[in-house]
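**Student:** Okay, structure incoming, though there's no sequence with it:
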């Protein structure tokens, strides 16, 4: 499974904010940490803000902070803001989809989608932060210290 | 597998004792399971109780008790070589009374049975649950459980 760039940025940003929910971070700060475009990240943060997962804090030292319960917000909640996961009822029918071959293939693909949805809907931000904290030290160092932060927040 | 229906804000942890189930606990276990799943299964639990709550060193039926009241239970055993799997601890059921949810009881029961599995020589703990039981799956995930090396397959048997 491959996530679109905007989805991935959203997950990075929300995890960064949820790891330290009392603190606010400027979009530029988050963008620099993950080496991503501030403009692109700002659009993503606006989408997250409209959905109620982050809030913008105005004024000097302003930025974004996490809004919500990290033990309740799942990866599926966030991913679905940016892309479809699983069958899209509104999508146009693919060529050949009503044939026996197409229907048999659809059953297999639906099975894969079901598993993906079940997995994504069962992993909360808190679980993912814990997973980050549990990464072996070498992996944490390879991530440039991200794991150390997660240890503080998720441990 | 018993279900955990709803969760609210986390409350203070409860001071409970986790111990092996005794015959007198059966009625409370049946009641908690019925409350959790909406289906009373007295004869099923009586049979399961006889199987798991005996003196076998690789079967575990634990309860969480406070002030002589049973607030939750967990059931599992170490099984080996089925499906080609080396010895592993399997959790078959977990249940917590609705009034005592979100206070760490499920986690305490899970950790206690994991200790028993470890002592019995099992290097892994496993369970199986419905794909659409998001809450229970989230609970096990929050305890560090991930997808394992097995996948369950089934086929409808036509008459």
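**Tutor:** Perfect, thanks for sending it. Values in this document were obtained by computation on a predicted structure and should not be read as measured data. Numbers count the residues shown, from 1 in each chain, chains lettered A, B, ... in the order given.

**Student:** Tell me the bridge partners for the residue nearest the centre of chain B.
**Tutor:** Centroid check for chain B by C-alpha atoms, centre = their mean gives residue B:94 as the closest residue, at 2.6 Å. For residue B:94, the beta-bridge partners are residue B:74 (DSSP bridges).

**Student:** what about whatever residue of chain B ends up closest to chain A, how many neighbours?
**Tutor:** Closest to chain A within chain B is residue B:137: 3.6 Å, counting by C-beta to the nearest C-beta. All C-beta spots, glycine's among them, are computed from the backbone N, C-alpha and C. The number of residues packed near residue B:137 is 20, by other C-beta atoms under 10 Å in any protein chain shown.

**Student:** Which helix or strand contains it?
**Tutor:** helix B:134-142 (DSSP states H and E).

**Student:** And the average pLDDT for the lengthiest helix in chain B is what?
**Tutor:** Longest helix in chain B by number of residues (criterion: DSSP state H): helix B:105-119. For helix B:105-119, mean pLDDT is 97.

**Student:** from the chain's centre, how far out does the following helix or strand past it sit?
**Tutor:** As assigned by DSSP H and E, the chain's next helix or strand after helix B:105-119 is strand B:125-127. Here the centre of mass of C-alpha atoms in strand B:125-127, compared against the chain's by C-alpha atoms, centre = their mean, to the nearest Å, lies 10 Å away.

**Student:** Tell me where chain B has strands.
**Tutor:** Taking DSSP state E as the test, the strands found in chain B are B:17-20, B:59-66, B:69-79, B:88-96, B:125-127.

**Student:** swap in chain A?
**Tutor:** A:54-57, A:63-66.

**Student:** From those strands, pick the one with the highest average neighbour count.
**Tutor:** Highest mean neighbour count of the strands of chain A: strand A:63-66, a mean of 22 (counted as mean count of other C-beta atoms under 10 Å in any protein chain shown).

**Student:** Contact partners for the residue nearest to residue A:10 when sequence neighbours are not counted?
**Tutor:** Using C-beta to C-beta, 6 or more residues apart in numbering or on different chains and skipping residues adjacent in sequence, the residue nearest residue A:10 is residue A:44, 4.9 Å away. With contacts defined as C-beta atoms under 8 Å, 6 or more residues apart in numbering or on different chains, the neighbours of residue A:44 are A:6, A:9, A:10, A:13, A:82.

**Student:** And for the second one, the neighbour number?
**Tutor:** Neighbour count for residue A:9, taken as other C-beta under 10 Å: 24.

**Student:** so what's residue B:76 up against?
**Tutor:** When contacts are counted by C-beta under 8 Å, 6+ apart, residue B:76 touches B:52, B:59, B:60, B:89, B:90, B:91, B:92, B:113, B:117, B:125.

**Student:** now the fifth one, which residues is it bridged with?
**Tutor:** Beta-bridge pairing for residue B:90 (DSSP bridges): residue B:77, residue B:126.

**Student:** Just give me the neighbour total for it.
**Tutor:** Number of residues near residue B:90 (other C-beta under 10 Å) recorded here: 19.

**Student:** Verify the contact between it and residue B:77 for me.
**Tutor:** Yes. Residue B:90 is within contact range of residue B:77, at 6.0 Å (criterion: C-beta atoms under 8 Å).

**Student:** returning to what we had before: of all pairs in the contacts of residue A:44, which one spans the longest distance?
**Tutor:** A:13 and A:82 (11.8 Å; C-beta to C-beta).

**Student:** which of the two has more neighbours?
**Tutor:** For the pair residue A:13 and residue A:82, the greater number of neighbours falls to residue A:13 (26 against 19), based on other C-beta under 10 Å.

**Student:** Name the nearest residue to the residue of chain A found nearest chain B, sequence neighbours excluded.
**Tutor:** Per C-beta to the nearest C-beta, residue A:122 is where chain A lies closest to chain B, at 3.6 Å. Using C-beta to C-beta, 6+ apart and skipping residues adjacent in sequence, the residue nearest residue A:122 is residue B:137, 3.6 Å away.

**Student:** Nice, that's everything, thank you.
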